[in-house]
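Participant: Give me coordinates for this.
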Amino acid sequence: MNGPYDQAFSQSIKDPEGFWGKEAEQIHWYKKWDKVLDDSNKPFYRWFKGGVVNTCYNAVDRHVEAGHGDRVAVIYDSPVTSTVRKYTYSDLRDQVARFAGVLRKQGVGKGDRVIVYMPMVPEALIAMLACARIGAVHSVVFGGFASNELAVRINDAKPKVIVTASCGIEVNRVIPYKPLLDGAIALSDSKPSSTIILQRPQSKAELKPGFDLDWEAEMATATPAECVPVEATDPLYILYTSGTTGQPKGVVRDNGGHLVALKWTMKNIYDIEPGEVFWAASDVGWVVGHSYIVYAPLINGSTTVFYEGKPVGTPDAGAFWRVIEQHGVKALFTAPTAFRAIKREDPNALLMKKYDLSRFKILFLAGERTDPDTLEWAEKALNRPVIDHWWQTETGWAIAANCMGLERLPVKPGSPTKPAPGWNVVVLDEACREAPRGKIGSICVKLPLPPGSLPTLYNNDDRYVQSYLTEFPGHYATADAGYMDEDGYVYIMARTDDVINVAGHRLSTGGMEEVLARHPDVAECAVVGVADSFKGQLPVGFIVLKAGVTRSNEEIVQDVVRMVREQIGAVAAFKQAVVVDRLPKTRSGKILRGTMQKIADDEPWKMPATIDDPAILDEIKVALEGIGYGHLRPA
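Facilitator: Reported below is the predicted structural model:
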């Protein structure tokens, strides 16, 4: 076993400076680094210290100067507004430079923060790149976030300017953003000096003279700004992720390491060449949107699809196939929940047959665990490789992946394959010892983390150390539980708090969900552990049925209880499941298992900031009360 993957992985662990130093030659530097890896201030490692670079130059200007200005950089496809618009690299450079001039006119310079509170419109991407162009630090907040959640981020980042749009557009409603933004600013101790608002015709905002600036009017008179060189170790952006204390954690991404890592991933993980079309069906409010809608495809000189729509409902479960055919998409990256939604609406993939997918080569899934049933359904329907990979907001790119541009390894359903080069993954027990192969433990990464991962949290080194580096000294704790098999494949079974303790047995809720997902009538499912005075915890299943199921709920519940008993054993004590119309999720598709567990356990719970539809929790509460759980209101 010494193929291209093994060689790359081995070198990246034994000689990280040699490995990443060579990859860094793919990037334009104003000044080369003094040291590839600076480990003089452990545990705060820094990549390419002394190097001087600009991320926007590498993502946009470099391609124009190389003669590729006419190549399409961005395809904006918006079924909710019936719009398709294309930007060449030259178009993008001109728009970004002009908006960078708008920001500069408002006093934004190197190191200043700008919050981008936008829907999935190309102006969001333009604003991000414009910040990078002048050395400002952007923090994208998911468009439509509640005022109090936005206020927390304003107080932490202290932005000089906030960029927003007048509204966001969902399948059946328009969400005005200005009232939410005004409410957030009123709640904040830190106040921006101005806001810049993209007026959308579906709902125009009333602007306060002298404070709220109109995007189009400002762009019309702006002087384009040139790229500003910054240190490789300077921050590019802050992205807030939820924290256990309720205070979000500001994940920082630097410029140099981020450029090098993302450029490497486009060819080696996703097998995408310059000029080819890559589509990450996510949102710029999430890390996937930063890494694989905006930065990586453009750094690579590829074409990125910017999609304002849903996998179903815009207009139907064939939406993804229409985009793939129309724009010649080579690879799609989306969340398993999107495919579960498509499978639920179109279980026989009949809508797929209407489209020519001949240019489509690979489907990548990430965002939450890919259950084997969804993987197998997608493989059968598409007749293409379906590649599960695993990463986090903090890491910025895949920790474990089947690196399709290096070497296609055999797929094992339930596993995101092996650690990607750069990621020294180990499974540890509670005493910080490596767990035997096949045994569940805490999945960790030996330090230093590779380029592109978080160097710290924004203005909070102490919390960075406490949150990630303290529980297992010398390691980054992913907070995911799982195991590695004899072949070195990684299996992510649950968040560490989703491993439940049933009468002293540590059991993975993910393993039980795998069984439930195999039932022919089940479209989606979740399992949570609820408190039990006798056994400590007991698992309860939530199942969403496929469209057109005619059997009774009682029969299906009996089936899944029997299946868990047969496939995991009586030790699981799985005796209860409930059929629900839908599962509560974040907007990125993660199921809110922790909140469901609190409702079941009669514990006070807080409405999650990232929830897609708060009304679903009332439905979950009613379903749980029907089987004897849950009576408290939100805290």
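Participant: drop to CA atoms for contacts and neighbour counts, all remaining ones
Facilitator: OK.
Participant: Can you give me the domain boundaries for the chain?
Facilitator: 4-309+389-482, 503-626 (automatic domain parsing).
Participant: Could you give the separation of the last one from the chain centroid?
Facilitator: Between the mean C-alpha point of domain 503-626 and the mean C-alpha point of its chain there is a distance of 23 Å (C-alpha atoms, centre = their mean, to the nearest Å).
Participant: Number the chain from 193, please
Facilitator: Shifting the count to begin at 193 puts that one at domain 695-818.
Participant: residue ranges of the strands in the stretch 243-392 of the chain, please?
Facilitator: 244-245, 264-270, 275-280, 305-309, 329-332, 353-357, 359-361, 366-368, 386-390 (DSSP state E, counting those that start in this stretch).
Participant: Tell me which of those strands approaches residue 466 most closely.
Facilitator: Closest to residue 466 of those is strand 264-270 (C-alpha to C-alpha; 10.1 Å).
Participant: now the closest one against strand 275-280, angle please.
Facilitator: Interaxial angle of strand 264-270 relative to strand 275-280 (axes from the mean of the first three to the mean of the last three C-alpha atoms, to 10 degrees): 170 degrees.
Participant: Within the sheet, what are the partner strands of strand 264-270, with directions?
Facilitator: strand 275-280 (antiparallel), strand 495-499 (parallel) (DSSP bridges).
Participant: So which of the ones you listed is nearest residue 663?
Facilitator: Closest to residue 663 of the strands paired with strand 264-270, according to C-alpha to C-alpha: strand 495-499, at 38.9 Å.
Participant: which regions of this protein sit below the pLDDT cut-off?
Facilitator: Within the chain, the stretches with pLDDT under 70 are 193, 434-438, 686-691, 693, 695-698, 780, 822-827.
Participant: what's the single longest helix in it?
Facilitator: helix 281-297 (DSSP state H).
Participant: quick one: buried residues of that helix?
Facilitator: Across helix 281-297, burial judged by 16 or more other C-alpha atoms under 10 Å covers 281-296.
Participant: Tell me the helices and strands packed up against that helix.
Facilitator: Other helices and strands packing on helix 281-297, by 3 or more C-alpha pairs under 8 Å, 6 or more residues apart in numbering; DSSP states H and E, are strand 264-270, helix 314-325, helix 407-413.
Participant: show me what contacts residue 390?
Facilitator: Residue 390 is in contact with 356, 357, 358, 406, 407, 408, counting by C-alpha atoms under 8 Å, 6 or more residues apart in numbering.
Participant: so which of the strands of the stretch 243-392 of the chain gets nearest residue 508?
Facilitator: Nearest to residue 508, of all these, is strand 264-270, at 13.8 Å by C-alpha to C-alpha.
Participant: Please identify the buried residues of stretch 460-478?
Facilitator: Buried residues in stretch 460-478 (16+ other C-alpha under 10 Å): 460-478.
Participant: just how off-centre is that stretch within its chain?
Facilitator: That offset, for stretch 460-478, works out to 13 Å (C-alpha atoms, centre = their mean).
Participant: repeat for stretch 258-268
Facilitator: Counting by C-alpha atoms, centre = their mean, stretch 258-268 comes out at 25 Å from the chain centroid.
Participant: Can you give me the buried ones in it?
Facilitator: For stretch 258-268, using 16+ other C-alpha under 10 Å, the buried residues are 260, 261, 263, 264, 265, 266, 267, 268.
Participant: Surely residue 692 and residue 729 touch.
Facilitator: Yes. Counting by C-alpha atoms under 8 Å, residue 692 does reach residue 729; the two are 6.6 Å apart.
Participant: Show me whatever sits in contact with both of these two.
Facilitator: Each of residue 721 lies in contact with both residue 692 and residue 729 under the rule C-alpha under 8 Å, 6+ apart.
Participant: neighbour count winner among the two?
Facilitator: residue 692 (23 against 19; other C-alpha atoms under 10 Å).
Participant: how close does the more buried one sit to residue 760?
Facilitator: When distance is defined by C-alpha to C-alpha, to the nearest Å, residue 692 is 14 Å away from residue 760.
Participant: would you list the strands of the stretch 243-392 of the chain in CSV and tack on distance to residue 803?
Facilitator: Compiled in CSV, those are given as follows (distance: least, C-alpha to C-alpha, whole Å):
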stretch, distance to residue 803
strand 244-245, 37
strand 264-270, 23
strand 275-280, 27
strand 305-309, 17
strand 329-332, 17
strand 353-357, 20
strand 359-361, 16
strand 366-368, 15
strand 386-390, 25
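Participant: Which one of those strands lies nearest to residue 515?
Facilitator: Among those, strand 264-270 sits nearest to residue 515 (C-alpha to C-alpha), with 7.8 Å.
Participant: quick one: contacts for the closest residue to residue 361 other than its chain neighbours?
Facilitator: Among residues not flanking residue 361 along the chain, residue 367 sits closest, at 6.2 Å (C-alpha to C-alpha, 6 or more residues apart in numbering). Counting by C-alpha under 8 Å, 6+ apart, residue 367 touches 336, 359, 360, 361.
Participant: Point out the one among the strands of the stretch 243-392 of the chain that comes closest to residue 635.
Facilitator: It's strand 329-332; of the strands of the stretch 243-392 of the chain, that one is closest to residue 635 (C-alpha to C-alpha) at 28.6 Å.
Participant: which other residues reach that closest one?
Facilitator: So strand 329-332 is contacted by 302-310, 320, 323-324, 349, 427-432, 476-477 (C-alpha under 8 Å, 6+ apart).
Participant: still on that earlier bit, what's the most buried one of the strands paired with strand 264-270?
Facilitator: Counting by mean count of other C-alpha atoms under 10 Å, strand 495-499 has the highest mean neighbour count of the strands paired with strand 264-270, with a mean of 26.
Participant: Any idea how many residues pack against residue 712?
Facilitator: Burial of residue 712 is recorded as 12 neighbouring residues (other C-alpha under 10 Å).
Participant: Could you look up the SS state of it?
Facilitator: coil (DSSP: H, G, I helix; E, B strand; the rest coil).
Participant: now do residue 509
Facilitator: Per three-state DSSP, residue 509 ends up coil.
Participant: How many residues are close by it?
Facilitator: When neighbours are defined as other C-alpha under 10 Å, residue 509 has 25 of them.
Participant: Quick check: it touching residue 546?
Facilitator: No. Assessed by C-alpha under 8 Å, residue 509 is found out of contact with residue 546, at 11.6 Å.
Participant: and after whatever helix or strand residue 451 lives in, which helix or strand comes next?
Facilitator: Taking DSSP states H and E as the criterion, residue 451 maps to helix 448-460. As assigned by DSSP H and E, the chain's next helix or strand after helix 448-460 is strand 469-472.
Participant: Just the residues contacting the following helix or strand past that next one, thanks.
Facilitator: The helix or strand immediately downstream of strand 469-472 is helix 479-480, counting by DSSP H and E. With contacts defined as C-alpha under 8 Å, 6+ apart, helix 479-480 is touched by 431, 472, 474, 584, 585, 588.
Participant: so how far is helix 479-480 off the chain centroid?
Facilitator: From the chain centre to the centre of helix 479-480 is a distance of 4 Å (C-alpha atoms, centre = their mean).
Participant: following that helix, which helix or strand comes up?
Facilitator: Using DSSP H and E, the helix or strand that follows helix 479-480 in sequence is helix 488-491.
Participant: quick one: residue 469 from residue 518, how far?
Facilitator: For residue 469, the distance to residue 518 equals 11 Å [C-alpha to C-alpha].
Participant: Can you report phi and psi for the residue with the largest distance to the centre of the chain?
Facilitator: Residue farthest from the centre of the chain, counting by C-alpha atoms, centre = their mean, is residue 726 at 38.6 Å. Backbone geometry at residue 726, expressed as degrees, to the nearest 10, gives phi -90, psi -50.
Participant: and the gap between it and residue 694?
Facilitator: Counting by C-alpha to C-alpha - residue 726 and residue 694 are separated by 9 Å.
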